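> quick one: sequence and predicted model below, then my questions.
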Amino acid sequence: MGLDEELEICSKSGKMILGCKAVIRDLGSRATRSKLIILANNCPEQYKERIEKFAKLTNVPILRYDAGALELGKAVGKKFLVSALAIVDEGDSSILKYAEGDLNEGENPRNP
């Protein structure tokens, strides 16, 4: 199962924060809830730099999505652009394994 499938499962059974500003707001709060940040490859540079800085300070891993914001939005079941998202609760998905570097695109997280 690939990253897109894991994102779909996570969007249905877990909890996410969508959007650059919302992700920055969560990372900047004292009680950061984010477990993983996913950035589209065309995320605006000004937001990308701030997200990377805050993620480094809070030790939240960042995963680079190989496609653009439109494809990332479609992967989470939205009909709009999503340049950045934060995973708060992974639900039934195994998406956090991608952050650990245990899986490559196309591997099955349930049967490694």
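On my side now, so go ahead. Numbers count the residues shown, from 1 in each chain.
> list of residues touching the longest helix along the chain?
Criterion DSSP state H: the longest helix present in the chain is helix 45-58. Here helix 45-58 makes contact (CB atoms under 8 Å, 6 or more residues apart in numbering) with 20-21, 23-24, 27-28, 32, 34, 37, 39, 43, 60-62, 83-84. All C-beta atoms are positioned from the backbone trio N, CA, C, and that covers glycine.
> ok, now stretch 16-33?
10, 34, 37, 43-44, 47, 50-51, 54-55, 57-58, 60, 76, 78, 82-88.
> re the thing from before, pLDDT of the longest helix of the chain, averaged?
Taken as a whole, helix 45-58 carries a mean pLDDT of 96.
> next one: that helix to chain centre, how far?
A distance of 13 Å separates the centroid of the chain from that of helix 45-58, by CA atoms, centre = their mean, to the nearest Å.
> downstream of that helix, the next helix or strand is which one?
strand 62-64 (DSSP states H and E).
> mind listing what that following strand pairs with, with the direction of each?
In the sheet containing strand 62-64, the strands it pairs with under DSSP bridges are strand 36-39 (parallel).
> many thanks, I have nothing further to ask.
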